[in-house]
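>>> Got a sequence here, can you model it:
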Amino acid sequence: MWKFNFCNKKGRSLFLYICFTSSLFVYFLLVMSSFSFPGQTSFYRGKVRDVFTIADKYLVMIASNRISAFDVILPEPIPYKGQVLNQIAAYMLNATKDICPNWLIDTPAPNVSIGKKCIPYRIEMVVRGNLTGHAWRTYSSGKRILCGVPLPEGLKENDYFPNPIITPSTKAEEGHDEDISRDEIIAKGLANAEDWSKLEEYTFKLFARGREIAAKQGLILVDTKYEFGKIGNEIFLMDEIHTPDSSRYFYADGFEEKQKKGERQQQLSKEFVREWLIANNFMGKEGQTVPVMSEDWVNTISQRYIELYEKVIGQKFIPRQLTDEATYNAITTRLAEII
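As a prediction, the model looks like this:
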């Protein structure tokens, strides 16, 4: 058995070295993936998804069951969340591909998408049809300009804007995204004037289609965000769209009556997770501790995600959970056909 003499310099150095290497080992366990694919050129682990670059031309995106809020990954995974997000996104991308080209090629597994690698614009195209969330917080503070866009007087929380507005934000590598205006985007070279015009056109058309799809299901698409990138000179829609992680939905039934009475709107989004965190004194600020997530609460979140899937898609959710081996085989088989 080893014994360390912590009183001498050599013993202390050896002890600190072991602590450092142990911490490094744990770090790599957290950031490395259990998968490695033929032709893989890079790997990135985001808050909720693992992204593999293949041959510098394609992306394999695995939607995990991780859940984040206030830019923090919460401690417990949510059953079937990855499948829900992946399948809603695929449905919506296929339903909007006549508006603009998108990155998606196929979904070989319930929580996996394979698509084209684009050079992303470092902005998010946030589009709003109603005065809610961040827009309402800005408005209620007395401000009437958001991201360079003037806001009309006399609106109440959740009221419709006369027309949808685009309030872009920066796509931050770390920390929080920040509001930015059209003029600032062009001045900083995040997009040129010609590209911005196309991004704006695509955003409004996609939002209109999203609202049409939602209306057929008795929902109102309140706000959402789109991300775009380029391959050569062509602009592509990227990432997920119209999912509960990127969008807010209200129930259409009773909306007008609730607005007249000043009552809270019933919504489908992951806002209920943020509200639970706030009620438990957590908003992602320094010194705050993420509250314990009970098994019942985790299952409640899972059921809410499934509810949104069934409401938005209009189809029964069929849970599917493949083994890592089956997932790997499905991905590699499809990659071999694409490359």
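>>> can you list the weak-confidence ranges in the stretch 151-300 of the chain?
172-176 (pLDDT under 70).
>>> which stretches of it form strands?
160-166, 169-170, 219-231, 234-238, 247-251, 267-268 (DSSP state E, counting those that start in this stretch).
>>> got the angle between the fourth one and strand 219-231?
Strand 234-238 and strand 219-231 are oriented at 140 degrees to each other (axes from the mean of the first three to the mean of the last three Cα atoms, to 10 degrees).
>>> For strand 234-238, which helices and strands make contact with it?
helix 193-216, strand 219-231 (3 or more Cβ pairs under 8 Å, 6 or more residues apart in numbering; DSSP states H and E). The C-beta positions use only the backbone N, C-alpha and C, and glycine is treated the same way.
>>> Please spell out which residues along the longest one are buried.
What that stands for is helix 193-216. 195-196, 199-200, 202-204, 206-207, 209-211, 213-214 (16 or more other Cβ atoms under 10 Å).
>>> Stretch 307-320 too?
308, 309, 312, 313, 317.
>>> cool, and stretch 117-133?
Per 16+ other Cβ under 10 Å, stretch 117-133 contains these buried residues: 117-118, 121-133.
>>> now, which of those residues lie within strands?
123, 124, 125, 126, 127, 128, 129, 130 (DSSP state E).
>>> For residue 34, state which of those is nearest.
The shortest gap between residue 34 and any of those belongs to residue 124, at 29.6 Å (Cβ to Cβ).
>>> For stretch 42-56, which outside residues touch it?
31-33, 35, 37-41, 59-64, 66-68, 71, 73, 81-82, 85, 117, 245, 335, 339 (Cβ atoms under 8 Å, 6 or more residues apart in numbering).
>>> Can you get me the start-to-end distance on that stretch?
8 Å (Cα to Cα, to the nearest Å).
>>> ditto for stretch 256-269
19 Å.
>>> what distance separates it from the centre of its chain?
25 Å (Cα atoms, centre = their mean, to the nearest Å).
>>> Please list the outside residues in contact with it.
132, 156, 158-159, 219, 222, 244, 247-251, 254-255, 304, 307-308, 311-312.
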